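**Q** missing the sequence, but the structure's below:
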RNA sequence: CUGGGUGUAGCGCAGUUGGUAGCGCGCGCGGUUCGGGACUGCGAGGUCGUGUGUUCAAGUCACAUCACCCAGACCA
C-alpha cells in the first residue's frame, strides 16, 4: 500500500472526542472512524489489524473442531420470547425495530437462542453430537454508556462459539479444550502474560463461568488476584467461594481488568427453550447441553492499542500489525530505490506500507511512522544512495515489541541490511 | 440513569459589558528548502449543534432539545 494513495490521513493534534491514549492514536493514525458514541468504522489500516486478530482466533477455533458460520444480525421476536429474553426487563440492551409489514425485530446482541433454534434442523441423534458452530459477527447492544474507544461499544465484533453436547460430561471435556485454545490465542495476541482465566458467576448449570481478564488500569472490572495467578471476579469474591478454592482473602490483591473473553456453561436452558433435543442410544429424547464461548476482537484491538502504545503512537506485535514493514523513501533517488524494493516485495507476495510521498519531509514521515506503529522501519534515501551506490542495502530499525526484536537487530539502533535479510526477519 | 463538563472552518481552539466571526494546524497556487512535522507570499473554507424566545441587534442572554466526553450506577 502506497501512503500517497491511502485515503486516510494522520492528524497531528488530538481528537477531542477521545480520552484514552489508544483510542486517540487509533483515530489520529486513521485506523478507525467514529460514527457516533460506541460505533466505529474500521478503515484500511484498522481493518487489517482486526482481520489479523480474527484470523488467529479462527485458526485456534478450527483447531478444536469449530465450524465457522455466519448467523444473522436481524432476529425475530418469536425465538427470543421462548427463552424470555425478549423482554426489556430481562435484557435491557436490545435495539429493537420493526418490519414495514408490522412484525417486531431485534438487532442481535448475542446468539444463544438463534443458534439453538437453527441447530434443531440439523440435530436429531446423539450421533449428530457434539457440534461446535462459531462465527464472527457484529453484535448490537444499547449500552447506557459507551466509552474508551473500542473498549465498550454499542456495535462491536464478537467471536462466539457454541458447543452442543449430549451431556455435561461431554461438555466439560470441550470446555477445558476451549480454555486451552483461549490460552493459546491470548499468547498469540501477546497479552497472555497479563490475561488471566478468572472465576465468575456461573448460573444454574455450573458453579462458575470463566472470564478472561486482562489486567489494565483502563479496565472496568475489578478482580482479585493471588501471586500464583489465581484470579477471581469481584462478583464472586466471597467467603464461600474462597473456602471452596482453598484460598484466604488476605492473599489477594485488588486489580482493575478488562474482560477480553468468557466461557460459559449454558446447560440445557436455551435448548429447552427452543426445543433442541436429540435421541439417545436408548431412543429417549434428551435436551442438548450447551456452552457459549466469546472473544471480542474489536475490544482486543482496543486493549492492544492501549497497552502497547508509546508516547508517540501505536505499536503492534509483528503478527498483528497492518503491515510488517513501513518503507520510507527520502529524496528522488531514495524514493526510486524504495520503489524497487516495494516492487520486489510485491513480487514475493508481501504487502508492505510504502511512504512514497514526494512532498513530505523527513520529520513528517518519521512522525507518521511512529504514530502508525508498524514494527519494521526501512529507509532508502539519497544520502544512503551516495554511500551505497548499489542500493542493495537500506537502513532498518526495529520499532516493534522489545521482546520480539529480531536477532539481526537491536532496539533503537538502525542497521544496514539486504533485501534477503529483511525477508528473513519478516518470514520468521 | 445520576452528577460534572463540552458543542464556533476538515482537526485543535479563542471570541471582552450583546453591535454582521478570528488564530494555529491542515488544504490550494507560487518561491526558498529538504535526515525530525522548516520558512515565506497569495488564496479557498463557517446559516457559531438544533429550535423557540428576549432585544433595534444574539456566537454571547433565557428556556427547551440533540450530540459528545468524564466519574459513578448498570453490563445476558
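**A** Yes, it's here. Not measured: the values here are computed from a predicted model. Numbering: from 1, shown residues only, chains lettered A, B, ... in the order given.
**Q** near RNA strand B, which residues of the stretch 251-400 of chain A?
**A** Counting by C-beta under 7 Å from any atom of the strand, the stretch 251-400 of chain A comes close to RNA strand B at A:262, A:264, A:292, A:294, A:312, A:330-331, A:334, A:361-364, A:366-368, A:370-371, A:379, A:381-384, A:395. Just so you know, the C-beta spots here come from the backbone N, C-alpha and C atoms, and that holds for glycine as well.
**Q** could you redo the last one with a cut-off of 6 Å?
**A** Residues of the stretch 251-400 of chain A lying close to RNA strand B (C-beta under 6 Å from any atom of the strand) are A:294, A:330-331, A:361-364, A:366-368, A:370-371, A:379, A:381, A:383-384, A:395.
**Q** helix or strand with the lowest mean pLDDT in chain A?
**A** helix A:382-387 (a mean of 84; mean pLDDT, DSSP states H and E).
**Q** after that helix, next one along is what?
**A** The helix or strand immediately downstream of helix A:382-387 is strand A:393-398, counting by DSSP states H and E.
**Q** return the subset of the residues of the stretch 251-400 of chain A next to RNA strand B lying in strands.
**A** A:294, A:330, A:379, A:381, A:395 (DSSP state E).
**Q** need the contact list for residue A:74.
**A** Going by C-beta atoms under 8 Å, 6 or more residues apart in numbering, residue A:74 touches A:105, A:106, A:107, A:108.
**Q** report the buried members of the residues of the stretch 251-400 of chain A next to RNA strand B.
**A** Buried members of these, scored by 16 or more other C-beta atoms under 10 Å, are A:294, A:330, A:331, A:366, A:367, A:368, A:370, A:371, A:379, A:381, A:384, A:395.
**Q** quick check: end-to-end length of stretch A:120-135?
**A** Stretch A:120-135 has its terminal residues 18 Å apart, counting by C-alpha to C-alpha, to the nearest Å.
**Q** likewise for stretch A:289-309?
**A** Termini of stretch A:289-309 sit 42 Å apart (C-alpha to C-alpha).
**Q** before we move on, what about stretch A:383-400?
**A** Taking C-alpha to C-alpha, stretch A:383-400 runs 25 Å from one end to the other.
**Q** what sits up against it?
**A** With C-beta under 8 Å, 6+ apart as the test, stretch A:383-400 has contacts from A:315-318, A:321, A:326, A:330-331, A:333-334, A:337-338, A:340-341, A:369-370, A:373-381, A:405-406, A:409-419, A:422.
**Q** just those: which are in helices?
**A** Residues of those located in helices (DSSP state H): A:331, A:333, A:334, A:337, A:338, A:340, A:341, A:369, A:370, A:419, A:422.
**Q** how is chain A divided into domains?
**A** A:44-307, A:325-427 (automatic domain parsing).
**Q** mean confidence (pLDDT) on stretch A:186-201, please.
**A** If you average the pLDDT over stretch A:186-201, you get 97.
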